[in-house]
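Engineer: Fold the following, please.
(chains A and B)
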Amino acid sequence: DTAVSQTPKYLVTQMGNDKSIKCEQNLGHDTMYWYKQDSKKFLKIMFSYNNKELIINETVPNRFSPKSPDKAHLNLHINSLELGDSAVYFCASSQDLTSGSFYNEQFFGPGTRLTVL
Amino acid sequence: AQTVTQSQPEMSVQEAETVTLSCTYDTSENNYYLFWYKQPPSRQMILVIRQEAYKQQNATENRFSVNFQKAAKSFSLKISDSQLGDTAMYFCAFMKPGSQGNLIFGKGTKLSVKP
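Structural biologist: Below is the predicted model:
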């Protein structure tokens, strides 16, 4: 069974469109994340959600909005897509960080390669 | 702000030999975690090894070990008996307490293991 899954794996779309990437984890984790990996392989956190609350937003444009219908899912919606949004987007999850533990391992999904034409 | 620097964009090693990947970081924190992640061509991010800053003993996981020099803010990864399956991008990462899981990554080192 896949621990953290993302759909789709590849997404090709035109500038100006709105698209969503779905993420699901079956690990029972409380915290989920979205990362962006650019064309130079640089990986940077975008968002994290703990128990359906946003706890990080790293200067990401408002066109990006994470939505968590339940703690097993964290979807990424992107409006008015731009060329610079082309990247690989990774979802990840970990145990609850607010429980007092300093560190819980993050498990990553396989990534979604988004290409904006 | 914390930064992570990997000064070797690409490296290569012969199968069965040993290779060391460098990583330095900048922080004013005393307690933190450091990680090495592997990203093979499949794109999957895989945790290789982690080190708690308050532990003096270097972490080891099978053929992978680290040389953690806290004063120098250095965290290198040594891969022994390199295998073809070790070919991948390797990312060094940092996480500080209270950051809600915010992993800060270096720019990566592309390692090629040659037969």
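Engineer: Now do the nearest residue to B:Lys70 once chain neighbours are set aside against chain A, distance only.
Structural biologist: Once flanking residues are discounted, B:Lys70 sits nearest to B:Ala53: 6.3 Å by C-beta to C-beta, 6 or more residues apart in numbering or on different chains. For glycine as for every other residue, the C-beta is placed from the backbone atoms N, C-alpha and C. Computed as C-beta to the nearest C-beta, to the nearest Å, the B:Ala53 to chain A distance reads 10 Å.
Engineer: need the contact list for B:Ala53.
Structural biologist: B:Glu29, B:Asn30, B:Asn31, B:Tyr32, B:Tyr33, B:Leu34, B:Phe68, B:Lys70 (C-beta atoms under 8 Å, 6 or more residues apart in numbering or on different chains).
Engineer: from these, which is closest to A:Ala72?
Structural biologist: If you rank the contacts of B:Ala53 by distance to A:Ala72 using C-beta to C-beta, B:Tyr33 comes first, at 25.5 Å.
Engineer: Tell me, how many residues neighbour the closest one?
Structural biologist: B:Tyr33: 19 surrounding residues under other C-beta atoms under 10 Å in any protein chain shown.
Engineer: nearest spatial neighbour of B:Gln14, skipping sequence neighbours?
Structural biologist: Spatial nearest neighbour of B:Gln14, excluding adjacent residues (C-beta to C-beta, 6+ apart): B:Lys114 at 5.5 Å.
Engineer: Find me the pLDDT at the residue nearest to B:Lys70, would you?
Structural biologist: B:Ala53 carries a pLDDT score of 91 in this model.
Engineer: cool, and B:Ala71?
Structural biologist: Value for B:Ala71, per-residue pLDDT: 94.
Engineer: try the one 3 residues further on
Structural biologist: Taken from the predicted model, the pLDDT recorded for B:Ser74 is 97.
Engineer: in what helix or strand does the residue nearest the centre of chain A lie?
Structural biologist: Nearest to the geometric centre of chain A sits A:Trp34, at 2.6 Å (C-alpha atoms, centre = their mean). Element membership for A:Trp34, per DSSP states H and E: strand A:31-37.
Engineer: How far away from the center of its chain is that strand?
Structural biologist: 4 Å (C-alpha atoms, centre = their mean, to the nearest Å).
Engineer: any idea how far the most centrally placed residue in chain B is from chain A?
Structural biologist: Taking C-alpha atoms, centre = their mean as the criterion, B:Trp36 is the residue nearest the geometric centre of chain B, at 3.1 Å. Separation of B:Trp36 from chain A (C-beta to the nearest C-beta): 13 Å.
Engineer: near chain B, which residues of chain A?
Structural biologist: Listed as neighbours of chain B in chain A under the rule C-beta under 8 Å from any C-beta of the partner chain: A:31, A:33, A:35, A:40-45, A:48, A:50, A:55-56, A:58, A:88, A:90, A:92, A:94, A:97, A:102-106, A:108, A:110-111, A:113.
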